[in-house]
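Engineer: below is the structure, and that's it, no one-letter string:
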């Protein structure tokens, strides 16, 4: 019965690998759902904000959120506590 256990284990491993691949593919497809202009929009917003306040690159987040039939552009800017102005 040792050889049959080996074949059963291999089949279970293949199913686990297949399920993991499905999860990875679904995750990749979800990440590509946003428009191509979002990264450029985020960079440009960061440039404009930096004219007035010193902020980090990670301070500006731009996301597109689907709400029913509509899409909402969500822009989040984390300002530092001591927001010093730049000339």
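Structural biologist: Good, I have the coordinates. As the structure is a prediction and not an experimental result, all values here were calculated from the model.
Engineer: residue 71 sits in which helix or strand?
Structural biologist: Per DSSP states H and E, residue 71 falls inside strand 70-77.
Engineer: same question, residue 13
Structural biologist: If you go by DSSP H and E, residue 13 is part of helix 2-31.
Engineer: flag every buried residue along the following helix or strand past that helix.
Structural biologist: For helix 2-31, the succeeding helix or strand toward the C-terminus, using DSSP H and E, is helix 38-50. Neighbour-count burial for helix 38-50 flags 42, 46 (criterion: 16 or more other CB atoms under 10 Å). For glycine as for every other residue, the C-beta is placed from the backbone atoms N, C-alpha and C.
Engineer: give me the distance between helix 38-50 and the centre of its chain.
Structural biologist: Helix 38-50 sits 17 Å away from the centroid of its parent chain (CA atoms, centre = their mean, to the nearest Å).
Engineer: helices or strands next to that helix in the packing?
Structural biologist: Helices and strands touching helix 38-50, as assessed by 3 or more CB pairs under 8 Å, 6 or more residues apart in numbering; DSSP states H and E, comprise strand 60-67, strand 70-77.
Engineer: how long is stretch 55-68 end to end?
Structural biologist: 33 Å (CA to CA, to the nearest Å).
Engineer: quick check: buried residues in that stretch?
Structural biologist: 55, 59, 60, 62.
Engineer: who's in contact with that stretch?
Structural biologist: Identification of contacts with stretch 55-68 by CB atoms under 8 Å, 6 or more residues apart in numbering yields 34-35, 38, 41-42, 45-46, 49, 71-80.
Engineer: same thing but at 6 Å, please
Structural biologist: Residues outside stretch 55-68 that contact it (CB atoms under 6 Å, 6 or more residues apart in numbering): 34, 38, 41-42, 45-46, 49, 71-72, 74-78.
Engineer: flag the least confident of the residues you listed.
Structural biologist: On pLDDT alone, residue 34 ranks lowest of the contacts of stretch 55-68, at 61.
Engineer: and residue 24, how far is that from residue 18?
Structural biologist: Distance, residue 24 to residue 18, using CB to CB, to the nearest Å: 11 Å.
Engineer: er, residue 49 actually
Structural biologist: The gap separating residue 49 from residue 18 is 45 Å, by CB to CB.
Engineer: now swap in residue 54 and tell me
Structural biologist: Per CB to CB, residue 54 is found 49 Å from residue 18.
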